[in-house]
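> Fold the following, please.
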Amino acid sequence: MHTVSDYLAIRPADARAQWRSILARTPVTSGRQVPFTPVETLACLAASLLVNHRRYGGSTAHKAAEPVPTLARLFRRPNSSVLAKMANLDGSRRNGARHELEVSAELLGTPGRLAVVYRILLVAARDVGMGPEVLPDFLDLDSEETELLPMGQEELATVDVENAVRSSSRDWLDTRLDLNDRITERLLVAAARVGQHRFANEVLRAHEHRCVFCGLAVSTAGRRATRMLIASHIKPWRVSTNAERLDPRNGLTACPTHDVAFDTGLITVNGGLRVHVKPSLKAAADTDPATRAAFGRPPLADRLLLPPTTAPPRERYLTWHHQNVYGRSSGEAILVGDSAAGRLPARHRGPIT
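Numbers count the residues shown, from 1 in each chain. Coordinates of the predicted model:
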């Protein structure tokens with residue numbers, strides 16, 4: 001029986017031994033699968049930052065996105081087994097192993113700790129001869145200088161997340177009497193932030209890491225400067241349903257300047273994907289070189305710059321923005337969905353804690 005420290009304070013020697021046991025494993029063709037080792041469970045937890053297991057059922061598990069298929073091959077398990085473990089870790093399945101939710105709440109609630117554990121797993125795998133072709137660095141944390149910073153968090157105000165947690169269904173928690181309120185709250189907050197991270201990651205990928213308003217894409221030393229772009233909701237997170245919060249077609253990738261302009265209603269996009277600019281901003285761009293450098297045409301495109309294979313934003317989200325943000329704004333920042341006009345949007349009120 002594993003303890004919490006076997007996960008949270010996993011030792012490199014133990015990780016190496018577990019990887020060796022996995023490499024020596026033969027696939028189970030019938031009957032019960034062998035129990036997950038801590039390294040497998042922790043790898044599945046890290047993969048949850050990229051993959052939403054709820055998108056795949058029993059008949060669609062074979063379509064699961066990476067790194068699920070790679071982990072399944074390595075673990076000598078079917079995709080469905082990896083997806084089930086991910087469901088155990090976020091509490092959506094009630095038969096998870098002891099301590100899993102506690103481990104999940106701690107590591108997902110503290111990205112720095114998850115990064116440390118993930119690096120231990122990765123280094124141990126390399127030590128036993130598992131190269132990137134067997135276990136890729138799917139979180140792209142190939143150096144100690146690289147931080148694990150969940151994306152899209154600037155859109156989430158702490159109070160909004162706390163309100164969402166308070167209104168969440170907790171039926172699944174009734175069977176987990178071993179968990180205290182602190183763990184359950186941290187788990188639910190982490191779930192909201194992980195969902196936002198996955199949403200932002202999907203939106204960035206869909207738009208090929210390029211601002212859809214001006215085309216800005218920054219790379220240094222062959223690596224994308226992801227933090228130079230923001231993937232946020234068209235209909236904001238705080239007024240969206242749970243399904244809308246996770247829908248990548250409710251998102252746009254933008255450079256910081258055009259993100260703020262869209263968020264505060266200085267620009268909008270119609271159902272035909274044409275970019276509209278507030279008349280006052282357009283007039284300023286005609287006379288002021290600095291404003292023209294950001295909102296002239298170019299660099300501002302006439303229509304959204306979308307890759308040819310990318311599905312466009314859903315029209316209902318664009319309509320919502322046009323009516324509730326662009327239509328209400330006089331060019332000043334307002335808090336969407338809040339009666340306190342004149343307050344800055346959540347992302348501009350200070351850091352997330």
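
> any weak-confidence spans in the stretch 251-353 of the chain?
The stretch 251-353 of the chain contains residues with pLDDT under 70 at 329-353.

> Could you rerun that using 50?
331-353 (pLDDT under 50).

> same check, this time on the chain
Scanning the chain for pLDDT under 50 picks out the ranges 331-353.

> the helices in the chain, which residues?
Ranges of helices within the chain are 4-8, 12-23, 38-47, 68-75, 79-90, 100-109, 111-127, 158-166, 181-206, 242-246, 256-263, 279-287, 289-295, 315-321, based on DSSP state H.

> nearest to residue 272, of the ones you listed?
Across the helices of the chain, residue 272 has its closest neighbour in helix 315-321 (9.3 Å, Cβ to Cβ). C-beta coordinates here come from the backbone N, C-alpha and C atoms, glycine included.

> The helices of the chain: which one's closest to residue 232?
Residue 232 sits nearest to helix 256-263 of all the helices of the chain, at 6.3 Å, using Cβ to Cβ.

> As a markdown table, the helices of the chain with distance to residue 309 and mean neighbour count would be great.
Shown next, in a markdown table, are these (distance: least, Cβ to Cβ, whole Å; neighbours: other Cβ atoms under 10 Å):
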| stretch | distance to residue 309 | mean neighbour count |
| --- | --- | --- |
| helix 4-8 | 40 | 17 |
| helix 12-23 | 36 | 17 |
| helix 38-47 | 25 | 24 |
| helix 68-75 | 21 | 20 |
| helix 79-90 | 24 | 23 |
| helix 100-109 | 32 | 23 |
| helix 111-127 | 31 | 19 |
| helix 158-166 | 33 | 15 |
| helix 181-206 | 9 | 20 |
| helix 242-246 | 21 | 16 |
| helix 256-263 | 23 | 21 |
| helix 279-287 | 32 | 13 |
| helix 289-295 | 29 | 15 |
| helix 315-321 | 19 | 19 |
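
> can you put these in CSV and add distance to residue 56?
Below are the helices of the chain laid out as CSV (distance: least, Cβ to Cβ, whole Å):
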stretch, distance to residue 56
helix 4-8, 25
helix 12-23, 23
helix 38-47, 13
helix 68-75, 8
helix 79-90, 6
helix 100-109, 19
helix 111-127, 23
helix 158-166, 24
helix 181-206, 14
helix 242-246, 14
helix 256-263, 31
helix 279-287, 44
helix 289-295, 41
helix 315-321, 25
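
> Indicate which one of these is closest to residue 273.
Shortest distance between residue 273 and the helices of the chain, using Cβ to Cβ, is found for helix 315-321: 8.2 Å.

> elements contacting that closest one?
Secondary-structure packing of helix 315-321 (3 or more Cβ pairs under 8 Å, 6 or more residues apart in numbering; DSSP states H and E): strand 267-269.

> what lines up beside the strand it packs on in the sheet?
Neighbouring strands of strand 267-269 in its sheet, by DSSP bridges, are strand 275-277 (antiparallel).
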